[in-house]
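test case, fold it:
(2 chains)
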Amino acid sequence: MRKVVRILKIPLIVGLLCIPLITVLDTGNNVDAFSNQIIQKGATGTDVIELQARLKNIGFYTGAIDGVFGWGTYWAVRNFQYEFGMKVDGLVGPDMKAKLNKSTSYNPSSQQQSNKGQSPNAAQSSGNKSKGPNTNAQGKNTPSGYSQNDIKLIANAVYGEARGEPYEGQVAVAAVILNRVQSSSFPNTVSGVIFEPRAFTAVSDGQIWLTPDERAKEAVIDAINGWDPTGEALYYFNPNTATSGWIWTRPQIKQIGKHIFCE
Amino acid sequence: MIRSILIGALAIGVVGTSYWGYKEHQEKNAVLINAENTYQRAFHDLNFHMDALEEKIGSTLAMNSRSSLSPALAEVWRLTSEAQNDVGQLPLTLMPFNKTEEFLSNIGSFSYRVAVRDLDEKPLSEDEYETLKKLHNHSNDVKNELRKVQAMVIDHNLRWMDVELALASESEPQDNTIIDGFKTVDKQVEGYSEVNWGPEVNQLNEKKQNLSKNIEGEELSEKEAKQHVLDFLDIDKNASIDITTTGKDSKYQAYSLSIENPENKSSVNLDVTKKGAKPIWILMDRKIGKQKLSLNEAANKATNFLKEHDITNMEISESSQYERMGVFTFVYQQGDVTIYPDAVHIKVALDNGDITGYESIEYLTNHHERKVTEPTISRNEALEQVNPNVQIMEEGLGVIKNDLGEEVLCYEFMGTIENETYRIFVNADTGREERVEKMDGTEMNYDTM
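Residues are numbered from 1 along each chain as shown, chains lettered A, B, ... in the order given. Predicted coordinates:
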């Protein structure tokens, strides 16, 4: 009985998982060969999985096959280019793909097998003949110094505090949180800043535990990557609901949406 | 008969309701006591740590040898961070206590810097000894002031929940003994401006202050700035644009523009400098469709964008794909030297290659033509400073900001130890290992959903 359920489940899950991938990366005609893109460091997706698998196949790459073109993959590509007498630039173009196709073999389904145990999704989809596991089941690019969980936590705070605000206002709230982490007069961790008593109304009234949308997460990643619409603000308040008189004495920088940001 | 049944039912109802109410009340009380205890614990911890801090700083005054001074200062550093942690757990966020927190943080960085220094080679200077003495006095004052508050809290059973209530109420002035006590502490600390923290602590790195300093040219009016932006972004003159100026008292002086473009249902927000109307950051908000571009094509778009706007000699130093978005960091290349402080970030939508974000505050505050000198030590001499376990993969010359905030020319080595990648900067003049970074950027997915 369990087997039947599983058999039914697999195509369904795999089908759902693959919709974005097929449309995104299926520019090539060959079923299990690279698409036409030049793959460069920082890229994610099935092409990177194939690249990593092929490089691992001939011993250039020793890391996990996570579908993220990180430093490990970068060095492997460079070593490969060096060994095969190509221009060493870390970019995977048509030349290198041709050489990889010749010198290595790649079987997408066995690739998924080897991913077993890395994540529930990858394990579930193993053994099928589809084009590759969903990127969500794989690794992710993460701005240095922050984990995916930090990003989620900040996104929760941003969503709770500013979900009705324009995108700029959401990036601004995320930026204030990060500015506080940097500041000497606030705690030095993301959670310390967010859960500081009375710091954020969304934390006090529990709105922080609403499920954030993708926009909030995007805003957080932008803020971590350096965007700060606030001019390095440390405080913000809603002038209609602010209860503290002291907050009005801070030098104001600007208003974004309903919030006034100050130093 | 019916009457007695009714009375019975009502009586049961009343008893049931009061029992339920009593239970609710009890539960609420338990939660309140729990919260109160958390505050009390943080508060008394804070007092304990301030006591210990004062004592430790005091004892360093009588120490002479490195073997006792270094550990004692390391202990001071630890205690300041404990005390800061305690403060972070108290409901003091929206009241003036930030001077005290800054004070603690400064003691921390001062003591850390001296503690990790080779004191045999470079013993405590006169100035630093003076600073320590002052710190001892000041921490003693803070400790005493806090002790007073602590005594009141214990003697009169003052509750932190009342502090919360007082702070939440709109009535000013807030009449609360604890709040008054903490305000007194902060007032006192405000007067400690004469402490000489040394060069490292004083340079609080605020980028915005350098904005007007580093950029040449005349201040433009709002109208002129608007025109500049229209040219820069190459948009329809009829698009609706809002422009505002940042606050008068703020150190961040800029114009903020907001542009609505009904055509592709997007809005663009940006800040530009008053001098020369240079964009500090740009953010475009629109829905991103399916991915059609590779990260590499997006990188070319970003490179072209910089070229079109006369920001030249920029090289990609980092590139990352986040879902349907490519984010690139460009840094300035002067000759064959990479100038890391002059960085620009660009975000490209992977559906049609639009530049959806641009960020250049570091570039604007740092960029200038530098006189890059020849390194005094050779590449091989620099390499000797690098841990022999690191396998060097790539190398070059780069300018970075060191811990003192000064720009230094370094040999840059990229290398690996097993599967980890490291970037190591060795000062090209002194051979000092200025910075070692472990390069991350990817993470396995831990999602359970």
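
from here on, just use CA atoms for contacts and neighbour counts.
Noted.

and residue A:199, what element?
For residue A:199, there is no enclosing helix or strand under DSSP states H and E.

isn't it up against residue B:89?
No: using C-alpha atoms under 8 Å as the test, residue A:199 is too far from residue B:89 to be in contact (10.4 Å).

which one's more surrounded, those two?
The neighbour count for residue A:199 versus residue B:89, taken as other C-alpha atoms under 10 Å in any protein chain shown, is higher for residue B:89 (22 against 17).

what distance do you get for the more buried one to residue B:144?
Going from residue B:89 to residue B:144 by C-alpha to C-alpha, to the nearest Å gives 21 Å.

ditto for residue B:233
59 Å.

which one's more surrounded, the two?
Between residue B:233 and residue B:144, counted using other C-alpha under 10 Å, residue B:144 has the larger neighbour count: 16 against 12.

confirm that one sits in a strand?
No: using DSSP: H, G, I helix; E, B strand; the rest coil, the assignment for residue B:144 is helix, not a strand.

so who does it touch?
Contacts of residue B:144 were listed using C-alpha atoms under 8 Å, 6 or more residues apart in numbering or on different chains, and none were found.

quick one: it from chain A, how far?
Look at residue B:144 and chain A: by C-alpha to the nearest C-alpha, to the nearest Å, they are 21 Å apart.

ditto for residue B:266
Separation of residue B:266 from chain A (C-alpha to the nearest C-alpha) stands at 11 Å.

which element is residue B:356 on?
Judged by DSSP H and E, residue B:356 forms part of strand B:355-359.

hang on, I meant residue B:365
helix B:361-366.

and for residue B:131?
Per DSSP H and E, residue B:131 falls inside helix B:126-155.

domain parsing for the chain?
I'll assume chain A. Here the domain parsing of chain A from automatic domain parsing is A:2-133, A:148-262.

ah, no, chain B please
As assigned by automatic domain parsing, chain B contains the domains B:13-202, B:211-366, B:379-439.

neighbours of residue B:48, how many?
The burial count for residue B:48: 15, using other C-alpha under 10 Å.

tell me where the stretch 51-200 of chain B is predicted with low confidence.
Scanning the stretch 51-200 of chain B for pLDDT under 70 picks out the ranges B:94, B:170-175, B:193-194, B:198-200.

for it, what lies in contact range of chain A?
B:84-85, B:88-96, B:98-102, B:105-106, B:167-170, B:172 (C-alpha under 8 Å from any C-alpha of the partner chain).

on that earlier part again, so which elements touch the helix holding residue B:365?
With contacts taken as 3 or more C-alpha pairs under 8 Å, 6 or more residues apart in numbering or on different chains; DSSP states H and E, helix B:361-366 sits against helix B:207-214, strand B:279-285, strand B:337-349.

need those in a markdown table with distance to residue B:179 and mean pLDDT, can you?
Output for the helices and strands packed on helix B:361-366, formatted as a markdown table (distance: least, C-alpha to C-alpha, whole Å; pLDDT from 0 to 100):
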| stretch | distance to residue B:179 | mean pLDDT |
| --- | --- | --- |
| helix B:207-214 | 33 | 73 |
| strand B:279-285 | 40 | 90 |
| strand B:337-349 | 43 | 91 |
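
with distance to residue A:238 added, can I get those in TSV?
Below are these laid out as TSV (distance: least, C-alpha to C-alpha, whole Å):
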stretch	distance to residue A:238
helix B:207-214	24
strand B:279-285	22
strand B:337-349	30
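
which one, of the ones you listed, ends up nearest to residue A:36?
In terms of C-alpha to C-alpha, the element of those nearest to residue A:36 is strand B:337-349, at 18.9 Å.

quick one: is that closest one near chain A?
Yes: Strand B:337-349 comes into contact with chain A (C-alpha under 8 Å from any C-alpha), by way of residue B:345.

rewinding a little: what angle do the strand holding residue B:356 and strand B:337-349 make?
Between strand B:355-359 and strand B:337-349, the angle comes out at 140 degrees (axes from the mean of the first three to the mean of the last three C-alpha atoms, to 10 degrees).

now strand B:355-359 and strand B:279-285, what's the angle there?
150 degrees.

quick one: mean pLDDT for strand B:355-359?
Across strand B:355-359, pLDDT averages out at 91.

contacts for it next, please.
The contact list for strand B:355-359, computed with C-alpha under 8 Å, 6+ apart, reads A:226-227, B:279-285, B:301-302, B:305, B:344-349.

hang on, the earlier thing: tell me the buried residues within the residues of the stretch 51-200 of chain B next to chain A.
Buried subset of these (neighbour count, 16 or more other C-alpha atoms under 10 Å in any protein chain shown): B:84-85, B:88-96, B:98-102, B:105-106, B:167.

and residue A:205, what's its pLDDT?
For residue A:205, the predicted pLDDT is 88.

over to residue A:134?
43.

could you do the one 3 residues further on as well?
With respect to pLDDT, residue A:137 has a value of 50.
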